[in-house]
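Q: Return atomic coordinates for the entry below.
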Amino acid sequence: MKNSWHSYQIIKKYNIIIRYFSKSIGIKDIYANISNSLSDPDYNSDLKVIFDFRDAVFSIDMDAIKKFADNIRKHPSLQEKRVIVFLTHTPNQVVFSNILHSFQQYQRFQIHVLSTMEATLLHLGLENSLITEMEDTIAKMKHNCISSSTTRKR
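A: So this is what the prediction gives:
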């Protein structure tokens, strides 16, 4: 049995990518999720990003977070200006997201750490009427991750 699951889904009509994580995750899981999506033909550097960490527990130390931020800084296809939201639920997730946020000072990213889908959509410039659609999408991703560690898109 795997101890971590992650998935992503690109929703082209809203120009958004949802990155879903559950169980115990480390930096390698986040790298894998990002790397998988970069080779997706629907990926583009203008996508708004939701990292949904609400079902995740981080097994990451401060040095790993700093190294992750440094590596993101060096990756050319991740250098475009974009809005990124970390959707969190527990103090463990908030701490990770805030630490990562502190390392983004050299990036062109607007990073927000939020706990509701309503606030997430607001910061991404999307209508609140999409809350149900986004939560349903995440629920399907969660279901697929429970079945197996997969990458999904629509």
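
Q: can you tell me which residues contact the most centrally placed residue in the chain?
A: For the chain, the residue nearest the mean C-alpha position is residue 51 (2.0 Å; Cα atoms, centre = their mean). For residue 51, the contacting residues are 19, 21, 84-87, 97, by Cβ atoms under 8 Å, 6 or more residues apart in numbering. All C-beta spots, glycine's among them, are computed from the backbone N, C-alpha and C.

Q: could I get those residues as TSV with neighbour count and pLDDT?
A: As requested, those are exported to TSV (neighbours: other Cβ atoms under 10 Å; pLDDT from 0 to 100):
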residue	neighbour count	pLDDT
19	22	95
21	25	93
84	23	80
85	25	81
86	24	79
87	24	83
97	23	67
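
Q: Show me which of the residues you listed is closest to residue 40.
A: For residue 40, the closest of the contacts of residue 51 turns out to be residue 19, at 12.0 Å, with distances computed as Cβ to Cβ.

Q: quick one: low-confidence ranges for the chain?
A: By pLDDT under 70, the weakly predicted segments of the chain are 1-4, 72, 75-80, 91-108, 148-154.

Q: can you pull out the helices in it?
A: Along the chain, the stretches classed as helices by DSSP state H are 27-38, 62-74, 91-102, 117-124, 131-147.

Q: wait, which of those is closest to residue 110?
A: helix 117-124 (8.0 Å).

Q: distance of residue 61 from residue 74?
A: As defined by Cβ to Cβ, to the nearest Å, residue 61 lies at a distance of 20 Å from residue 74.

Q: residues in contact with residue 146?
A: Neighbouring residues of residue 146 by Cβ under 8 Å, 6+ apart: residue 5.

Q: and it, how far is that from residue 112?
A: When distances are taken as Cβ to Cβ, residue 146 and residue 112 turn out to be 28 Å apart.

Q: With residue 73 instead?
A: 19 Å.

Q: the more surrounded of the two?
A: Neighbour totals were compared for residue 73 and residue 112, and residue 112 leads with 17 against 13 (other Cβ atoms under 10 Å).

Q: who touches that one in this structure?
A: Residue 112 makes contacts with 83-86, 119-120, 123, as judged by Cβ under 8 Å, 6+ apart.
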